[in-house]
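# sequence? don't have it. structure:
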């Protein structure tokens with residue numbers, strides 16, 4: 001079990017209970033055939049301290065809805081449907097559910113996870129174009145977490161990550177952990193990228209988190225202006241629509257940021273969005289199967305073809321000055337494909353990926369990056385990623 005340190009001190013008794021709960025979740029994941037009602041997690045949740053009882057009871061209701069069911073078959077419908085985040089920067093929010101963690105230690109694996117955090121509302125910058133409707137989104141600071149969140153890429157928490165019987169029609173919550181996103185960037189991206197044109201100091205943790213907030217807000221803006229497609233990461237062929245939705249969010253965000261390039265943080269945010277995608281997420285553990293990795297590799301090749309990516313002695317260079325036309329053309333195509341998929345027919349997404357050079361087998365996507373680009377990227381593979389692959 002790993003605990004993510006808080007920026008603010010917790011009550012000692014509550015901190016001890018959260019550590020014990022995270023340890024119980026980790027232990028239960030090692031004995032997933034145990035009955036849900038007999039799990040250590042269930043016992044800890046039933047004895048939640050004051051302030052944790054509402055969220056603990058919600059998680060416990062899912063776990064004991066069928067106490068004889070093996071924990072590995074748990075469904076987290078109550079949490080997915082009824083969880084309410086308190087974004088007051090003081091309350092402790094707790095999520096315990098069976099879910100998959102993007103980029104986690106077990107990619108594509110549904111396991112029991114726990115994360116406790118404080119949250120604040122994520123406000124769209126006032127210089128962004130207005131939206132008719134936006135999904136609820138908070139920025140969170142993690143306090144304690146089970147292994148999947150603490151060691152993996154658990155930087156976001158959305159309903160589509162949870163294992164459920166039926167999905168709600170709307171997005172009930174969304175949490176982005178900026179400290180974790182900044183830490184992932186520092187560990188995986190910064191060592192292999194030329195940051196001379198970043199437009200900000202990515203070595204300054206506060207500045208990095210502030211810029212990451214703008215970049216993520218731009219990505220979410222891109223989702224909100226696109227066709228509403230379920231963002232599931234593992235459900236059969238819907239993965240293809242999820243890939244297109246992620247790609248549209250990035251492209252729409254880049255187009256919007258480029259249009260607002262006279263704002264001092266617009267182009268630095270675009271640079272950061274691209275850097276994190278093409279360096280970190282293109283090399284997630286299963287780049288042929290994970291939605292974020294597939295979208296990242298598609299964006300990587302598109303930007304390289306447009307001349308926005310090159311390699312120098314200081315690492316990967318990003319120059320977005322030449323990509324406005326390419327992004328404008330591509331985002332239009334992707335928007336049309338997503339609109340065609342809204343009726344439930346996912347064949348347009350499959351055809352788009354196939355015509356773009358992807359090789360599709362079942363729900364996996366493979367992309368040949370070419371000898372020159374592929375070799376250059378392998379030379380600049382992040383050290384942390386090399387270590388993960390070696391392990």
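Here it is on my side, so go on. All values reported here derive from a predicted model rather than from experimental measurement.
# now residue 177. Its backbone dihedrals?
Taking degrees, to the nearest 10, you get phi -90, psi 90 for the backbone angles of residue 177.
# nope, residue 311 is what I was after
Dihedral angles of residue 311 (phi, psi; degrees, to the nearest 10) stand at phi -120, psi 130.
# that one reaches residue 318, doesn't it?
No: counting by CB atoms under 8 Å, residue 311 sits too far from residue 318 to count as a contact (10.9 Å). Quick note: C-beta positions are derived from backbone N, CA and C, even for glycine.
# out of the two, which sits in the busier spot?
More crowded of residue 311 and residue 318, by other CB atoms under 10 Å: residue 318, with 21 against 17.
# which ones are touching that one?
193-194, 197, 271, 274-275, 303, 308-309 (CB atoms under 8 Å, 6 or more residues apart in numbering).
# from residue 192, how far off is it?
Distance, residue 318 to residue 192, using CB to CB, to the nearest Å: 12 Å.
# go on, residue 215?
19 Å.
# equivalent analysis for residue 288, please.
Residue 288 is 22 Å from residue 192, by CB to CB.
# more crowded one of these two?
residue 192 (21 against 17).
# checking residue 282 next. Helix, strand or coil?
Classification of residue 282 by DSSP: H, G, I helix; E, B strand; the rest coil places it in helix.
# and it, how far from residue 350?
As judged by CB to CB, residue 282 and residue 350 stand 21 Å apart.
# then residue 205?
On the measure of CB to CB, residue 205 and residue 350 end up 42 Å apart.
# more neighbours, these two?
residue 350 (20 against 13).
# where does the prediction get shaky in this structure?
Applying pLDDT under 70 to the chain flags residues 1-9, 102-109, 153-154, 227-237, 371-378, 380-391.
# spatially central residue in it, please.
residue 156 (4.7 Å; CA atoms, centre = their mean).
# still on that earlier bit, in helices, which of the contacts of residue 318 appear?
271, 274-275, 303 (DSSP state H).
# okay, the residues you listed in JSON lines with neighbour count and distance to residue 66 next?
Converted to JSON lines, the ones in helices among the contacts of residue 318 look like this (neighbours: other CB atoms under 10 Å; distance: CB to CB, whole Å):
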{"residue": "271", "neighbour count": "23", "distance to residue 66": "49"}
{"residue": "274", "neighbour count": "24", "distance to residue 66": "45"}
{"residue": "275", "neighbour count": "23", "distance to residue 66": "45"}
{"residue": "303", "neighbour count": "23", "distance to residue 66": "48"}
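# mind listing the helices for the stretch 151-300 of the chain?
For the stretch 151-300 of the chain, the helices defined by DSSP state H, counting those that start in this stretch occupy 178-184, 205-224, 238-259, 266-275, 291-305.
# what's the longest strand in this protein?
Criterion DSSP state E: the longest strand present in the chain is strand 111-121.
# what lines up beside it in the sheet?
strand 93-99 (antiparallel), strand 138-145 (antiparallel) (DSSP bridges).
# and for the shortest one, what's in contact with it?
Surrounding strand 93-99, the residues in contact under the criterion CB under 8 Å, 6+ apart are 18, 21, 25, 41, 45, 52, 55-56, 59, 62, 74-76, 79-80, 83, 85-86, 110-119, 140, 157, 161-163, 175.
# find the nearest non-adjacent residue to the residue located most distally from the centre of the chain, please.
Computed with CA atoms, centre = their mean, the residue of the chain farthest from its C-alpha average is residue 68, at 32.5 Å. With CB to CB, 6 or more residues apart in numbering as the measure, residue 35 is the residue that lies nearest to residue 68, at 5.3 Å, once sequence neighbours are left out.
# kindly report the same for residue 277.
Once flanking residues are discounted, residue 277 sits nearest to residue 296: 4.5 Å by CB to CB, 6+ apart.
# pretty sure that neighbour contacts residue 274?
No: look at residue 296 against residue 274 with CB under 8 Å: they stay out of range, at 9.7 Å.
# I'd say residue 238 and residue 346 touch.
Yes: with contact defined as CB under 8 Å, residue 238 reaches residue 346; the gap is 6.6 Å.
# grab the nearest non-local neighbour of residue 110.
residue 163 (4.7 Å).
# okay, that neighbour and residue 156: tell me how far apart.
Applying CB to CB to residue 163 and residue 156 gives a distance of 16 Å.
# got it, and residue 18?
20 Å.
# next one: residue 346
Distance, residue 346 to residue 156, by CB to CB: 24 Å.
# what's around residue 168, how many residues?
As a burial measure, residue 168 scores 12 neighbours (other CB under 10 Å).
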